[in-house]
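Participant: got a structure for you, letters missing:
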Ligand SMILES: NC(=O)C1=CN([C@@H]2O[C@H](COP(=O)(O)OP(=O)(O)OC[C@H]3O[C@@H](n4cnc5c(N)ncnc54)[C@H](O)[C@@H]3O)[C@@H](O)[C@H]2O)[C@H](O)CC1
Ligand SMILES: [K+]
């Protein structure tokens, strides 16, 4: 299976060293390999550009920059390399590659004063000042250079990382950071790329495979992962030939209230498209007809209360519960949840108002069954776990919360994060801003509930559900645009996503 770990940048040297010793390959050849794939990608993104200015630092990131300069020069393009060296203390591989570039007649300009950095008009700037070796904020001469570059209107493409950005925690990084338009990063995305507050530095990013040794990639530990189709699809259970509605699970959705009827329909639509054998939707009496009409496949269970959820009577044939979308936060509903949680020890996903009620009463939080899935958006998570000072801090809070309460937390966002009780975090890669609309979360709750009921573990249901939901949203955006995307469209596109994943799985089994 393709590796999908997000290692720490400080681990990179060990991964490099293992590859160099065991492939074996020289460090110079590994640099050549990295710079070659970078150059190929650069030319795909800038096929019509002829002028490239390389901004090279003194470490191996700078070394990559000099190789890129040489490769572009060899292709007959107009290349200038600016040496941004505070002293002449270059890494050995950087020194070799600077010399190779100069010896082949490349245009090299040593910059000793930020004012002397005058990039060519219409040039693409390649940022090779710092990469994964950054260990303190960038200030002084190189800080001034970075500020100067950030004021230019040239496109900037960063090698591996935008210079000045730390790989993980930028909470105390008050130094200068390159604002790249594109970052082509080696082997795995860096954790910092996952955080909304860093998008201004990273721009559009892509991972380039530089073939670090597969054994070290597989065996070296990481706490963070990113989701790929391969990894997600292989977790999806395929119904057996003799499966029937009794073996594919009965999902109970407790959703909707008189003032929030739509949420109930959307959650039900998500569930009915996600493989549950049977779907029961528990709603206040006022919503009964509406559910029958919008999701005729579902059984409707009517609450004692006419307007909101107040409790359930019979859970004997249920495999998984999804609760929260549109249920409101009235005291009657809070008691209903208390009653549910005091009898239900099985699989459950909680969303929206169910989370708001948990946040308001820590007694409810303690009743959660082990392995419950919670799907907050950042504001709901803040109500549960308190304020975060930045995205990295929020990630740590998320991990701590999941371990403390032994639950899976799905923090919704551009890269939705799934945190496990064991301290691992999975970052989703599908989805788009068109999905940031009311109702999209309700669809996700329905999907996860159905996946739980049809036999998936909490982790698999969360991972598959989040990925499929985002993928369906991407398909909708392709057809309707991000602006035109409606939550209900996401549910309608799920069938296509499941088909893709099933086809992938069956092809692998053959
Ligand atoms: N396996 C791979 O992914 C490969 C990556 N390559 C490239 O190598 C860099 C990492 O190189 P490294 O020499 O370790 O670090 P940098 O070039 O990022 O930094 C150089 C050097 O600078 C010093 N330093 C750190 N912070 C500061 C600061 N704020 N101010 C001044 N000086 C600073 C520190 O001593 C660093 O060591 C990686 O990003 C890739 O681009 C290989 O080419 C191929 C394999
Ligand atoms: K860089």
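Facilitator: Now that the structure is in, tell me what you want to look at. Small disclaimer: the values here were computed from a predicted structure and weren't measured. Residues are numbered from 1 along each chain as shown. Ligands and ions are numbered 1, 2, ... in the order given.

Participant: okay, CA-based contacts and neighbour counts for the rest of this
Facilitator: Will do.

Participant: where does residue 206 fall, helix, sheet strand or coil?
Facilitator: State at residue 206, reduced to three classes by DSSP: H, G, I helix; E, B strand; the rest coil: strand.

Participant: kindly report the same for residue 79.
Facilitator: Three-state call for residue 79 (three-state DSSP): strand.

Participant: near ligand 2, which residues of the protein? Just list them.
Facilitator: Among all residues of the chain, those adjacent to ligand 2 (criterion: CA under 5 Å from the ion) are 127-128, 130-131, 158-159, 161-163.

Participant: can you list those in a markdown table and add neighbour count?
Facilitator: A markdown table is the format used below for the residues of the chain next to ligand 2 (neighbours: other CA atoms under 10 Å):
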| residue | neighbour count |
| --- | --- |
| 127 | 30 |
| 128 | 30 |
| 130 | 29 |
| 131 | 26 |
| 158 | 31 |
| 159 | 30 |
| 161 | 33 |
| 162 | 30 |
| 163 | 30 |
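
Participant: number of nearby residues for residue 112?
Facilitator: Using other CA atoms under 10 Å as the criterion, residue 112 is surrounded by 14 other residues.

Participant: what distance do you get for it to residue 85?
Facilitator: Residue 112 sits 8 Å away from residue 85 when distances are taken as CA to CA, to the nearest Å.

Participant: give me the domain ranges for the chain.
Facilitator: The record's domain parsing of the chain by automatic domain parsing lists 9-222, 248-509.

Participant: thinking again about what came up before, return the subset of the residues of the chain next to ligand 2 lying in strands.
Facilitator: Judged by DSSP state E, strands contain the following of the residues of the chain next to ligand 2: 127-128, 158-159.

Participant: pLDDT score for the residue in the stretch 1-150 of the chain that ligand 2 sits nearest to?
Facilitator: The stretch 1-150 of the chain approaches ligand 2 most closely through residue 128 (4.0 Å), counting by CA to the ion. What the model reports for residue 128 is a pLDDT of 99.

Participant: taking the stretch 251-400 of the chain, what residue is nearest to ligand 2?
Facilitator: Here the stretch 251-400 of the chain gets closest to ligand 2 at one residue, residue 392, 21.0 Å apart by CA to the ion.

Participant: tell me which helix or strand that residue sits in.
Facilitator: Using DSSP states H and E, the element containing residue 392 is helix 391-405.

Participant: which other residues reach that helix?
Facilitator: 168-171, 195-197, 365-366, 370, 385, 388, 408-409, 411, 419-425 (CA atoms under 8 Å, 6 or more residues apart in numbering).

Participant: give me the buried entries from those.
Facilitator: For the contacts of helix 391-405, a neighbour count by 16 or more other CA atoms under 10 Å gives the buried set as 168, 170, 195, 365, 370, 388, 408-409, 411, 419-421, 423-425.

Participant: farthest-separated two in the residues you listed?
Facilitator: Put simply, by CA to CA the two of the buried ones among the contacts of helix 391-405 set farthest apart are 170 and 370, 33.2 Å from each other.

Participant: which ones among the contacts of helix 391-405 lie within strands?
Facilitator: Per DSSP E, the subset of the contacts of helix 391-405 in strands is 408-409, 411, 419, 425.
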